[in-house]
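Engineer: missing the sequence, but the structure's below:
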């Protein structure tokens, strides 16, 4: 009987799960589901419900989760998940012979070499070097980063928590933003400016500084919700009616995303290209394309390294379940070995 493999991408808002047969390969799941993460009091309960519904016994599982996986554990405060995860306890509770937790951006990175042209949208042209390092940056609820290095036979995914590095500034407003985030959060990081958590910080700083007026209709909508990010994004994409404050917020977001994508490209010498992932990049894709020149300018603004940056292509990952693909590939690779 073929080995049955369970893969999951565990996010703060939703969890994608899929069951595969090692014999049929990573492109043909036997069954799959997407569930609301917060509905479940425990992750083991979430997974058990899926397995029971599938009616199969799982031999191997790989779960992609936000945050660093240290000694097989992920803490809830770091991951933005409603519960902490422990690889050994999950393996025991779920009775799965082989179970592994990996970082979600590591999973996304593992998927990158297997993505097709339909899974990518070119944002900045350039030239790729065969077997060159590849950088992945993904603004979602938080800001994830990872990279791929060629080991002589295949690409190896490397994790990073660079999204939590100190936020730098390249213009007077970004200095104000750093100070605002430092004052309100006690620490200014790229994640707190370039993610679903960060968009409201940019918006609030612009509003406080009177850079643009907040329309009454927008104020009413924002007052009715706990998370302003979806409303800000909706105003940017639909522009019905236009809201200058939201447009400015998205432009600053692009400046910071491009700058940090460029930082990551410099750190790993990403001659194999840079890949933008995450739900926020996907939701703002049309705006990114509209502001392509702005993104490229901020990405290449690296002083004496600007010429090298001009040669590095940037693509947006439009595959909706890239981390799930990577987790599946990891599980399949381990099963083969």
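Structural biologist: That came through fine. Just so you know, these numbers come straight off a predicted model, no measurement behind them.

Engineer: where does the chain have its least confident helix or strand?
Structural biologist: When each helix and strand of the chain is scored by mean pLDDT, DSSP states H and E, helix 76-79 comes last, with a mean of 63.

Engineer: Do a quick rundown of the strands in the protein.
Structural biologist: 4-10, 14-21, 31-36, 60-65, 73-74, 85-86, 98-103, 120-124, 134-139, 143-150, 155-160, 274-276, 314-317 (DSSP state E).

Engineer: Parallel or antiparallel, list what pairs with the third one.
Structural biologist: Partner strands and pairing direction for strand 31-36 (DSSP bridges) are strand 14-21 (antiparallel).

Engineer: Could you tell me the angle between the partner strand and strand 60-65?
Structural biologist: Interaxial angle, strand 14-21 versus strand 60-65 (axes from the mean of the first three to the mean of the last three CA atoms, to 10 degrees): 160 degrees.

Engineer: Residue ranges in the protein under the pLDDT threshold?
Structural biologist: 1, 76-79, 334-337 (pLDDT under 70).

Engineer: can you list the domains in it?
Structural biologist: With domains defined by automatic domain parsing, the chain comprises 4-110+321-336, 116-318.

Engineer: Count the residues that sit near residue 169.
Structural biologist: Summarising burial for residue 169: neighbours were counted as other CB atoms under 10 Å, giving 16. Where C-beta positions appear, they are placed from N, C-alpha and C, glycine not excepted.

Engineer: how far away is it from residue 303?
Structural biologist: According to CB to CB, to the nearest Å, residue 169 stands 15 Å off from residue 303.

Engineer: repeat for residue 41
Structural biologist: For residue 41, the distance to residue 303 - CB to CB - is 51 Å.

Engineer: more crowded one of the two?
Structural biologist: The neighbour comparison of residue 41 against residue 303 (other CB under 10 Å) goes to residue 41, with 10 against 6.

Engineer: For that one, which residues are in contact?
Structural biologist: residue 83 (CB atoms under 8 Å, 6 or more residues apart in numbering).
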